[in-house]
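Colleague: quick one, what's the 3D model for this:
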Amino acid sequence: MSSSIVVAGVTSLYMAVPVTDFPLPYVREQFPEWMRAEVSGAACHIASTLHALGDEAGLCTLVGEDLAGEAISMSLRARGLWGPGVVPAPRSSLGVVLVTPNGQRSGHPYVAAVNTIEYPVEVFRRLVCGADLAVLTNTAFVRPLLGAACEEGVPIAVDVHLITDVDDAYNRPWLDVADIIFCSHERLPCPPREWVAKIFHRYPGCTVAAVGLGERGCVMGLADGVLVEVAAVAPRGVVSTAGAGDALFASFLHSWLATRNPVAALEDAVLHAGWKVGDTFPGATSLTAMELARLRESHPAVTLLGRWDASA
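Modeller: Residues are numbered from 1 along each chain as shown. Okay, the predicted model is just below:
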């Protein structure tokens with residue numbers, strides 16, 4: 001089933017570069033075995049994944065009128081993501097991701113060029129009217145769009161990434177209005193189950209709260225108290241984990257909207273993200289819904305059900 005989803009946020013020209021290890025030792029010059037330049041960024045990766053899975057993904061983003069912007073524009077057109085939500089800006093967002101042989105990554109996004117730009121709210125409002133879902137990434141220029149999504153009555157999904165505090169001042173505007181909240185485990189101040197409980201207690205409008213656990217998969221809580229744990233699987237091995245959280249988030253949203261089965265949706269999401277990290281640039285490749293279904297037959301999920309609201 002195809003859903004109409006509007007995604008707002010950054011699209012960037014990224015360079016992926018292999019490194020030996022972290023911390024990175026100083027080397028005056030070296031010749032890496034591979035290097036890739038691709039168009040990604042959170043909003044682009046999410047929209048591209050949704051589009052590949054069969055959804056109607058409207059992308060609201062800023063693209064610079066510069067050399068990087070030319071590459072970004074060509075990529076968005078080739079991937080079927082170019083549309084009225086793509087708005088010109090003086091300069092483009094850029095990024096570099098460093099990747100070790102075991103897939104560990106260090107991202108260096110440069111978004112200052114777009115964070116000072118005011119995205120036209122009316123453009124977003126026209127696209128989000130009647131949509132099934134609004135995915136509002138937590139980049140600065142998206143904040144003014146939160147109110148428009150609420151006024152249109154569209155459910156909102158957010159990924160607050162490396163959050164450390166349930167009352168985080170920067171992310172509060174997103175958390176206050178979100179129906180679906182994802183984040184990474186990397187900087188949480190408590191175990192994932194406890195974090196899920198904190199989210200539901202602090203933000204009662206939330207219906208789904210999930211924590212990506214990297215090589216351990218994902219934990220998701222539902223508003224009714226159910227806790228779902230899905231173990232990670234990497235059908236092609238792990239080459240780069242850059243963008244794995246975006247892949248998990250987008251894939252869950254597609255399957256959840258299509259089936260309204262959150263458990264099956266999380267199983268699909270973990271599998272798709274695990275497949276993507278087998279590429280040197282996970283944001284540049286995605287499975288179709290049919291391909292993902294076939295992969296699921298050969299890689300069944302290992303899932304545990306419990307309660308986040310039960311006493312320890």
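
Colleague: where does this protein dip in pLDDT?
Modeller: 1, 311-312 (pLDDT under 70).

Colleague: which residues in the stretch 51-200 of the chain form helices?
Modeller: Counting by DSSP state H, counting those that start in this stretch, the stretch 51-200 of the chain has these helices, from start to end: 67-78, 112-115, 121-128, 146-151, 172-177, 192-202.

Colleague: and Val97, which of those is closest to it?
Modeller: For the helices of the stretch 51-200 of the chain, proximity to Val97 was assessed by Cβ to Cβ; helix 67-78 is nearest, at 15.4 Å. To be clear about C-beta, it is placed using only N, CA and C from the backbone, and glycine gets the same treatment.

Colleague: so who does Ala131 touch?
Modeller: Under the criterion of Cβ atoms under 8 Å, 6 or more residues apart in numbering, the contact list for Ala131 reads 4-6, 58, 152, 154.

Colleague: not counting sequence-adjacent ones, nearest residue to the most centrally placed residue in the chain?
Modeller: In the chain, the residue lying closest to the centroid (Cα atoms, centre = their mean) is Asp246, at 2.2 Å. Counting by Cβ to Cβ, 6 or more residues apart in numbering, Asp246 lies nearest to His45, which is 4.4 Å off, once chain neighbours are set aside.

Colleague: so how far is Phe281 from the one you found?
Modeller: Here the distance between His45 and Phe281 works out to 10 Å (Cβ to Cβ, to the nearest Å).

Colleague: for stretch 305-312, C-alpha coordinates in CSV please.
Modeller: Output in CSV follows, covering the C-alpha atoms of stretch 305-312 (Å, rounded to 0.1, in the frame of the first residue of the first chain):
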residue,chain,number,x,y,z
LEU,A,305,7.8,-8.9,23.4
GLY,A,306,7.6,-7.5,26.9
ARG,A,307,6.3,-4.4,28.8
TRP,A,308,8.0,-1.1,29.3
ASP,A,309,5.5,-0.2,32.1
ALA,A,310,6.2,-3.3,34.2
SER,A,311,8.2,-3.0,37.4
ALA,A,312,11.8,-4.2,37.0
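
Colleague: picking up where we left off before, so the residue nearest to the centre of the chain touches Ala42, yeah?
Modeller: Yes. In terms of Cβ atoms under 8 Å, Asp246 counts as a neighbour of Ala42; the distance is 5.4 Å.

Colleague: what is in contact with the two at once?
Modeller: In contact with both Asp246 and Ala42: Asp159, using Cβ under 8 Å, 6+ apart.

Colleague: what are the boundaries of the strands in the stretch 51-200 of the chain?
Modeller: Assigned by DSSP state E, counting those that start in this stretch, the strands in the stretch 51-200 of the chain fall at 56-64, 86-89, 93-99, 105-110, 133-136, 156-159, 180-184.

Colleague: what packs against the last one?
Modeller: Using 3 or more Cβ pairs under 8 Å, 6 or more residues apart in numbering; DSSP states H and E as the contact criterion, the secondary-structure elements in contact with strand 180-184 are strand 156-159, strand 208-212, helix 244-259.

Colleague: between these, which one is closest to Val63.
Modeller: Between Val63 and the helices and strands packed on strand 180-184, the shortest separation by Cβ to Cβ is 18.5 Å, and it involves helix 244-259.

Colleague: how far off centre is the helix or strand following the closest one?
Modeller: If you walk from helix 244-259 toward the C-terminus, the next helix or strand you reach (DSSP states H and E) is helix 262-276. Distance, stretch centre to chain centre, for helix 262-276: 13 Å (Cα atoms, centre = their mean, to the nearest Å).

Colleague: follow the chain on from helix 262-276 and name the next helix or strand.
Modeller: Stepping forward along the backbone from helix 262-276, the first helix or strand reached (DSSP H and E) is helix 289-298.

Colleague: now do the helix or strand that that next one is followed by against helix 262-276, angle only.
Modeller: Towards the C-terminus, the helix or strand next in line after helix 289-298, according to DSSP H and E, is strand 303-307. Direction vectors for strand 303-307 and helix 262-276, defined by axes from the mean of the first three to the mean of the last three Cα atoms, to 10 degrees, enclose an angle of 140 degrees.

Colleague: Gly9: neighbour count?
Modeller: Gly9: 29 surrounding residues under other Cβ atoms under 10 Å.

Colleague: next one: it from Tyr26, what distance?
Modeller: For Gly9 relative to Tyr26 (Cβ to Cβ), the value is 34 Å.

Colleague: what do you get for Ala293?
Modeller: With the distance defined as Cβ to Cβ, Ala293 ends up 48 Å from Tyr26.

Colleague: have a look at the two and say which one is more surrounded.
Modeller: Counting neighbours by other Cβ under 10 Å for Ala293 and for Tyr26 shows that Ala293 has the greater number, 11 against 5.

Colleague: that older thread, OK, contacts around the residue nearest to the centre of the chain?
Modeller: Applying Cβ under 8 Å, 6+ apart to Asp246 gives the contacts 42, 45-46, 49, 159, 283.

Colleague: pick out the most distant pair among these.
Modeller: Taking every pair in the contacts of Asp246 and measuring Cβ to Cβ, the maximum separation is 14.0 Å, between Asp159 and Gly283.

Colleague: that concludes my questions; thank you for your assistance.
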